[in-house]
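In: Here's my sequence, what's the structure:
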Amino acid sequence: MIEADLVLDDGHILHFYDQGPSDGAGLAVFWLHGTPNIGPPPAPLFADAARLGLRWIAYDRPGYGGSTPREGRDVASAARDVVRIADRLGIDRFAVMGHSGGGPHALACAALLPGRVLAAVGIAGLAPYGAEGLDWFAGMRPSGEAGLRAAHAGRATKAEYEASCPEFDPALFTARDRAALSGQWAWFDSVVGPAMAGGPGGLIDDDIAYVTPWGFDCAQIARPVLLLHGDEDRMVPRQHGEWLARHCPAAELWLRPGDGHISVLSAAPRALEWLRTQM
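Out: This next block holds a predicted model:
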């Protein structure tokens, strides 16, 4: 895997990753990471990507890993970051895939870069905060709801909440989630710990972005969108995926019976196959 920094005109740095054929060929898929993660693309999917001739591109969102913080960023800012990295690498057309918090950022790219994005996959992703016809917090575990409500109250409240060191709620994960995390998706250990090593700044910025205006309308997405959601997800309830499927014009939803927030990734190889057909 190649890692490099892109220095923007304003001095901010985006740290990015390029995993694929040694000659830099292959159809490019941008991986948009979850919260709180750093950005390396998902090693459990490398073999599937190689089989399909796909090249992974990814980056640390501002405030995570090697990317400098950018307080006040919105979800739409991901599209601007992605297109800058694509231009640096000479990539014209590409697909996007995001898991969890990466889902909204993948949708931002599909909405705002219609001439560059071929298709998008959102896995266990949130719908916009305040979406009409959606009880946004319904079905979330109390711990997840508390963190997002703190973000909605403002940066100071969210920072205070994170400083109180709330304990992780193991009930956020289903039995299938825990099995996935003890198997190939133990990979998350390599991206969650480093994401928090420098403090909770990236997480704070992410959560505030989720509960404030995203900077685009899902209804403007014209590119094909595949949504994967577990019907037992306790972090991002299934209603979010169902709402997105109704409001993204070219979307289809694969609702996975019995899956939670992590185990739904068992369908990611099939999602990559779907992406390949769109490219």
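In: tell me the mean pLDDT over the lengthiest helix in the chain?
Out: Ranked by number of residues, the top helix in the chain under DSSP state H is helix 77-89. The predicted model gives helix 77-89 an average pLDDT of 97.
In: so where is the chain shaky, pLDDT-wise?
Out: 22, 24 (pLDDT under 70).
In: Excluding chain neighbours, what is closest to the residue most central in space within it?
Out: Residue closest to the mean C-alpha point of the chain, counted by CA atoms, centre = their mean, is Gly102 at 0.9 Å. Nearest residue to Gly102 in three dimensions, chain neighbours excluded: Leu32, at 3.5 Å (CB to CB, 6 or more residues apart in numbering). Any C-beta I mention is one placed from the backbone N, CA and C, and that applies to glycine too.
In: neighbours around the one you found, how many?
Out: Using other CB atoms under 10 Å, the number of residues around Leu32 comes to 31.
In: which residues does the spatially closest residue to Trp136 that is not a sequence neighbour contact?
Out: Leaving aside its sequence neighbours, Trp136 sits nearest to Tyr129 (CB to CB, 6+ apart; 5.9 Å). Shown in contact with Tyr129 (CB atoms under 8 Å, 6 or more residues apart in numbering): 136, 152, 210-212.
In: any idea which helix or strand carries Tyr129?
Out: Using DSSP states H and E, Tyr129 falls within no helix or strand.
In: what separates it from Pro69, distance-wise?
Out: Noted for Tyr129: a distance of 22 Å to Pro69, by CB to CB, to the nearest Å.
In: Now do the helices in the chain.
Out: 46-52, 77-89, 102-112, 142-152, 155-163, 175-181, 189-196, 201-210, 238-247, 268-278.
In: For the fifth one, give me every contacting residue.
Out: Defining contact as CB under 8 Å, 6+ apart, one finds that helix 155-163 is touched by 71, 146-147, 150-151, 200, 203-204, 207-208.
In: wait, which of these is closest to Ala86?
Out: Glu71 (24.6 Å; CB to CB).
In: Show me which residues of stretch 248-261 are buried.
Out: Buried residues in stretch 248-261, counted by 16 or more other CB atoms under 10 Å: 248, 251, 253-254, 256, 259-261.
In: Kindly report the same for stretch 228-237.
Out: For stretch 228-237, by 16+ other CB under 10 Å, it's 228-230, 232-237.
In: now the end-to-end length of that stretch.
Out: Taking CA to CA, to the nearest Å, the first and last residues of stretch 228-237 lie 12 Å apart.
In: hmm, who's touching it?
Out: Identification of contacts with stretch 228-237 by CB under 8 Å, 6+ apart yields 100, 121-126, 138-141, 144, 171-174, 176, 238, 240-242, 253-261, 263-264, 267-268, 271.
In: picking that back up, between the contacts of Tyr129, which is nearest Ala25?
Out: For those, the nearest to Ala25 is Tyr210 (35.3 Å; CB to CB).
In: Report the spatially nearest residue to the closest one, omitting neighbours in sequence.
Out: Closest residue to Tyr210 apart from its sequence neighbours, by CB to CB, 6+ apart: Leu126 at 5.6 Å.
In: And that neighbour, how close does it get to Arg238?
Out: 12 Å.
In: for Met196, same thing?
Out: Taking CB to CB, one finds Met196 at 28 Å from Arg238.
In: swap in Cys165?
Out: Cys165 is 30 Å from Arg238, by CB to CB.
In: So between the two, which is more surrounded?
Out: The residue with more neighbours, out of Cys165 and Arg238, is Arg238; 18 against 7, by other CB under 10 Å.
In: Please list all residues in contact with that one.
Out: 139, 229-232, 255.
In: Would you mind measuring from it to His99?
Out: Relative to His99, and taking CB to CB, Arg238 is found at 15 Å.
In: Kindly report the same for Ala186.
Out: Counting by CB to CB, the gap from Ala186 to His99 is 15 Å.
In: Neighbour count for those two, which is higher?
Out: Counted by other CB under 10 Å, Ala186 and His99 do not tie: His99 has more neighbours, with 25 against 11.
In: Tally up the residues packed near the residue lying closest to that one once chain neighbours are set aside, please.
Out: Of all residues not flanking His99 in the chain, Ile123 sits nearest, at 4.4 Å (CB to CB, 6+ apart). Here the number of neighbours of Ile123 (other CB under 10 Å) works out to 29.
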